[in-house]
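Colleague: Quick one: sequence plus predicted model below, questions after.
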Amino acid sequence: MKNESLNSPPNRIGHKIRFSLVLKLNIKLFFRMLGLFLTLDLLLCLVSAAGLIMRAEQTVAAAVELLNQTGLPSPYAENWLKLTGCSVSLQTGEPKGIQIPTPLRTYLSKQTASGVRSIDLPASQGLTVWERLEGVTYNVTLTDSNRSYRISIRPEVTLQILVEMFALLLILELLMLIRSFSSGARMIRKTLRPIAELAETAQNLTTDGVFTPEQLEVLAGKLDDINATKLDTRISVDETQNELKTLASAINGLLDRINHSYRSQVRFVSDASHELRTPISVIQGYANLLDRWGKNDPKTLQESIDAIKDETANMKGLVEQLLFLARGDNNTMALQIERFELSALAVEVLRETQMIDAGHEYDSQVRPVLINADKSLIKQATRILVDNAMKYTPPGKRITLSVTSTQGFAWLTAQDEGIGIAPDAVPQIFDRFFRADESRARTTGGTGLGLSIAKWITERHGGHMEVLSRQDIGTRISIVLPVAPKA
């Protein structure tokens, strides 16, 4: 596999994430700005048109007032009047146009409110833009008792100014849209940079290429800690949005769980190796003893055979427990679910224990409780609790096995009068290979896997375990399982 330089550009995953998101978000940002500009332009056109009409109405009102005072202008004065964009002419025939609705007439002059309005637009054939603007006319036709005349307003100068302003505005908007492609992309890349860093970190965690010692030293600081160092990598997004902080926290939490699982696996392998190393060393020691002088010494021979048999049995039990946990971790163990009395199973386990252990007093407090479970596995978990109580309870003390039910759950409890567990050790008793007291564990022969197996069995059946312990008073460990529904 080809190595990647530690100083290389962002990997393909980070690049694809940035590219796809930047492209999509940039397109959305472009069309949002385009829609905003079009809306503002339309609004500005409507406001400009309304302003022109209002200005034309004011001019018409002023012209009507002047006409009432002086009468219609002479043809000579009419020519001069056209220079101001306003003209007055007599109306012949029926006026064409629309009348302002009555509710809106209150906003107009009383002298012009009843007039007929029309707008003349020149034909577009063969005319330039400016020639078309010159032909736009706003007309108001008024009729009184004596006459009917038409006042025309040509706002060509104002229209030219507005068109030039609109053209300039459109050019500016176009430049802003073009610039938004680059500036928006930079802003989006900066905002989404933590996501690319998350992808790069996740990709680095799966890298299994061959690194040079110098690269490993730069990446991890030291060769022995390369894996742990990479798993400790975290993403910092203190200056980004809350959404990215939430995402980073979720990924960092995932990395924490992976790191914890990795360290638990390393510890598990180390503890298993240690547990297997001890019986192998004992067997090897006795084999060497037999090879040197035990062949002709019956006492030494028997002692070696007994020790080898004991250590072999211990090692076999440990291997079986490890295989059980391995099958459980891989979900390859099928449960044989059946309906049975948990109280009857507890009494059976207690009776079998009494046959092999006469050093303790045993008692049972059971009530009939039906459960749906794998009977052999529940029996194995019950034996683990009883064996655990037997190992850590002094001779002559009492061990009580009870079965009861409450609120839809069955409780199978093993209570002893043993040495108890330190408060700080209680949360760890279900960890694999954990022993609250190493010295006592050597004498009792425990591997530290029993409670881990019992917990797995319980959780596999949808239950949980509870522990209550006081040092030098005793320990109570309960398996809590769902009660079987009524048939």
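Modeller: Alright, I've got the coordinates. Residues are numbered from 1 along each chain as shown.
Colleague: Next one, pLDDT for Arg351 please.
Modeller: The model reports Arg351 with a pLDDT of 91.
Colleague: Any figure for the gap between it and Ile171?
Modeller: For Arg351, the distance to Ile171 (Cβ to Cβ, to the nearest Å) stands at 97 Å. C-betas here are computed from N, CA, C, even on glycine.
Colleague: how about stretch 349-360: buried residues?
Modeller: Using 16 or more other Cβ atoms under 10 Å as the test for burial, stretch 349-360 gives 349-350, 353, 360.
Colleague: Could you double-check that Ile479 sits in contact with Lys379?
Modeller: No. Judged on Cβ atoms under 8 Å, Ile479 makes no contact with Lys379 at a distance of 11.4 Å.
Colleague: neighbour-wise, which of those two wins?
Modeller: Applying other Cβ atoms under 10 Å to Ile479 and Lys379 shows that Ile479 carries more neighbours, namely 25 against 18.
Colleague: Relative to Arg383, how far out is the more buried one?
Modeller: From Ile479 over to Arg383 the distance is 12 Å, taken as Cβ to Cβ.
Colleague: can you check Met390 too?
Modeller: Using Cβ to Cβ, we find Met390 at a distance of 10 Å from Arg383.
Colleague: What strand or helix carries Thr400?
Modeller: Per DSSP states H and E: Thr400 is located in strand 398-406.
Colleague: same for that strand, what does it pack against?
Modeller: helix 342-356, strand 361-366, helix 375-391, strand 409-416 (3 or more Cβ pairs under 8 Å, 6 or more residues apart in numbering; DSSP states H and E).
Colleague: quick one, which of those is nearest to Ser452?
Modeller: With Cβ to Cβ, the closest approach to Ser452 among these belongs to helix 375-391: 9.4 Å.
Colleague: Ignoring the adjacent residues along the chain, who's closest to Gln354?
Modeller: Closest residue to Gln354 apart from its sequence neighbours, by Cβ to Cβ, 6 or more residues apart in numbering: Tyr362 at 5.3 Å.
Colleague: Might you report the residue contacts of the one you found?
Modeller: By Cβ atoms under 8 Å, 6 or more residues apart in numbering, the contact set of Tyr362 is 350, 353-354, 398-401.
Colleague: which parts of the strand holding Thr400 are buried?
Modeller: Quick answer for strand 398-406 (16+ other Cβ under 10 Å): 399-405.
Colleague: What strands line up against that strand, and which way round?
Modeller: Sheet pairing for strand 398-406, assigned by DSSP bridges, gives strand 361-366 (parallel), strand 409-416 (antiparallel).
Colleague: Now do the shortest one against helix 342-356: the angle between them, please.
Modeller: In other words, strand 361-366. Per axes from the mean of the first three to the mean of the last three Cα atoms, to 10 degrees, the angle that strand 361-366 makes with helix 342-356 is 170 degrees.
Colleague: just how off-centre is strand 361-366 within its chain?
Modeller: Counting by Cα atoms, centre = their mean, to the nearest Å, strand 361-366 is centred 50 Å from the centre of its parent chain.
Colleague: CA-only coordinates of that strand in CSV, if you can.
Modeller: This file holds the C-alpha atoms of strand 361-366, laid out as CSV (Å, rounded to 0.1, in the frame of the first residue of the first chain):
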residue,chain,number,x,y,z
GLU,A,361,-24.9,-23.0,55.6
TYR,A,362,-27.3,-22.7,52.8
ASP,A,363,-30.9,-21.4,52.8
SER,A,364,-33.5,-20.7,50.2
GLN,A,365,-36.4,-18.3,50.0
VAL,A,366,-38.2,-18.9,46.7
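Colleague: Which of the residues in that strand are classified as buried?
Modeller: Within strand 361-366, judged by 16+ other Cβ under 10 Å, the buried ones are 362, 366.
Colleague: picking that back up, now the strands paired with strand 398-406 in TSV, with mean pLDDT and distance to Lys299?
Modeller: Converted to TSV, these look like this (pLDDT from 0 to 100; distance: least, Cβ to Cβ, whole Å):
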stretch	mean pLDDT	distance to Lys299
strand 361-366	92	38
strand 409-416	94	38
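Colleague: Need those strands in CSV (columns: distance to Ser180).
Modeller: As requested, these are exported to CSV (distance: least, Cβ to Cβ, whole Å):
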stretch, distance to Ser180
strand 361-366, 77
strand 409-416, 62
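Colleague: do you know which of those lies nearest Ile280?
Modeller: When these are compared by Cβ to Cβ, strand 409-416 sits nearest Ile280, at 32.6 Å.
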